[in-house]
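Visitor: sequence below, structure please.
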Amino acid sequence: MSIQTSPYLPRRASTVEQLTIRGAVPYRVHRWAAEKGSSLNAPPLLLAHGWMDVGASFQRCVDYLSAGRDVIALDWRGFGGSRSGQPVDSYCFYDYYGDLDAIVDYISPNSPIDLLGHSMGGNIVMTYAGTCPARIRRLINVEGFGLAKTAPSEAPARLAQWLSELKSPVSLRTFANEQDIVEHLRIRSPQLDKEYGAWLARQWAQLQPDGRWHIMADAAHKRVNPILYRSDEAISTWANIQARVLWVEGENTGHDRWSGDKYPRSEFEDRLSKVQSVERRVINQAGHMIHLDQPQALATAIEDFLS
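Guide: Model (predicted):
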């Protein structure tokens, strides 16, 4: 079943580059090249998506960005076109840091870049920017709150849970048709434009021989991470960020509603206060998936900050 609607057509076309980084890791990036003759002379902007997302989901936001610079969106390992096809037990933040470093070297080996991360991607880029501060000119964190504190005493139970989960196969849900995918995407993104959702459905899922649409992600992402989140170490990297930082959140995110007492908003504010230079922007009529709910407003915030 196909969605009967006027098709969304990207205003700014991208090319797909398939890379091999760090010796053997397949990676896909989407590149929106600067228009010919542009005098902006701006560094490239790299976009890093969140959990269970793909780089192509930034397309509508890129439509509204200036065409004077290169914009690149990666697919994190295990998502989209960056899946190896080989069995993976779990995914580790440290692998993401290494992958990001390799991608930054690929797109701009000799000069700093501008970097944006959403959600999980926001958490990764904050740690990376504080670890390799000379590589980042300006940094945008979109809803990358970080994770709740953990205690060393939690390690035995966490590791035991991971070992137990390894003994059972994991899978992701499938969809009967594109309309079902759009409805699923609109659960997280109620403001998602339906025409754009129909386009995004084909970037986010693939039709397989069983006649169903499968999410373009490794099901191993569903397993618990055996490595505890060390918030004190993360905060230390945040404090070491040299770039100016823009913090962006949606008006309707409701951090306390989904984090509760384990990670109160006051604790996040304390973490963010450690960053040397922070500007803030709240996007109206948007939840966590700001780039889908309000792509034009997010693009405006990006342009204002980077210019």
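
Visitor: quick one, strands of the stretch 51-200 of the chain?
Guide: 71-74, 113-118, 136-142, 174-175 (DSSP state E, counting those that start in this stretch).

Visitor: now render those as TSV, adding distance to Ser164.
Guide: (Each C-beta comes from the backbone N, C-alpha and C, glycine too.) Formatted as TSV, the strands of the stretch 51-200 of the chain follow (distance: least, CB to CB, whole Å):
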stretch	distance to Ser164
strand 71-74	32
strand 113-118	31
strand 136-142	34
strand 174-175	25
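
Visitor: out of the ones you listed, which comes closest to Thr127?
Guide: strand 113-118 (9.8 Å; CB to CB).

Visitor: list the neighbouring strands of the closest one plus their orientation.
Guide: strand 45-48 (parallel), strand 136-142 (parallel) (DSSP bridges).

Visitor: using a markdown table, lay out the ones you listed together with distance to Gly55 and mean pLDDT.
Guide: Shown next, in a markdown table, are the strands paired with strand 113-118 (distance: least, CB to CB, whole Å; pLDDT from 0 to 100):
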| stretch | distance to Gly55 | mean pLDDT |
| --- | --- | --- |
| strand 45-48 | 7 | 98 |
| strand 136-142 | 14 | 98 |
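
Visitor: among these, which is nearest Arg271?
Guide: strand 136-142 (11.1 Å).

Visitor: and stretch 141-159, how far apart are its ends?
Guide: End-to-end distance for stretch 141-159, by CA to CA, to the nearest Å: 30 Å.

Visitor: show me which positions of that stretch end up buried.
Guide: 141-147, 149 (16 or more other CB atoms under 10 Å).

Visitor: likewise for stretch 85-99?
Guide: 88, 90-91, 93, 95-99.

Visitor: which stretches in this protein count as helices?
Guide: 59-63, 93-107, 120-131, 155-166, 178-188, 194-204, 231-239, 255-259, 265-272, 290-293, 295-306 (DSSP state H).

Visitor: just the angle between the fifth one and helix 194-204, please?
Guide: Okay, so that is helix 178-188. Orientation check (axes from the mean of the first three to the mean of the last three CA atoms, to 10 degrees): helix 178-188 against helix 194-204 gives 100 degrees.

Visitor: how far is helix 178-188 from where the chain is centred?
Guide: 19 Å (CA atoms, centre = their mean, to the nearest Å).

Visitor: can you check the longest one too?
Guide: Averaged C-alpha coordinates place helix 93-107 at 13 Å from its chain's average position (CA atoms, centre = their mean).

Visitor: what mean pLDDT does it get?
Guide: Averaging pLDDT along helix 93-107 yields 97.

Visitor: columns distance to Val29 on top of the strands paired with strand 113-118, output as TSV?
Guide: Below are the strands paired with strand 113-118 laid out as TSV (distance: least, CB to CB, whole Å):
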stretch	distance to Val29
strand 45-48	9
strand 136-142	17
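
Visitor: which of those is buried the deepest?
Guide: Of all those, strand 45-48 has the most neighbours on average by mean count of other CB atoms under 10 Å, namely a mean of 27.

Visitor: which of the helices of the chain has the lowest mean pLDDT?
Guide: Looking at the helices of the chain, the bottom one is helix 255-259 with a mean of 63.

Visitor: quick one on the thing from earlier: just the buried residues of stretch 141-159 now: which is nearest Val54?
Guide: Val142 (15.5 Å).

Visitor: correct me, but that closest one touches Val125?
Guide: No: the criterion here is CB atoms under 8 Å, and Val142 misses it with Val125 at 9.7 Å.

Visitor: and for those two, which residues touch both?
Guide: 116-117 (CB atoms under 8 Å, 6 or more residues apart in numbering).

Visitor: who's in contact with the residue lying closest to Val88 once chain neighbours are set aside?
Guide: Residue nearest to Val88 in three dimensions, not counting chain neighbours: Ala220, with 4.8 Å by CB to CB, 6 or more residues apart in numbering. By CB under 8 Å, 6+ apart, Ala220 lies in contact with 78, 87-91, 170.

Visitor: so Ile140 versus Ala220, what's the distance?
Guide: Ile140 is 29 Å from Ala220, where distance means CB to CB, to the nearest Å.

Visitor: check Lys194 too.
Guide: Following CB to CB, the distance that separates Lys194 from Ala220 is 31 Å.
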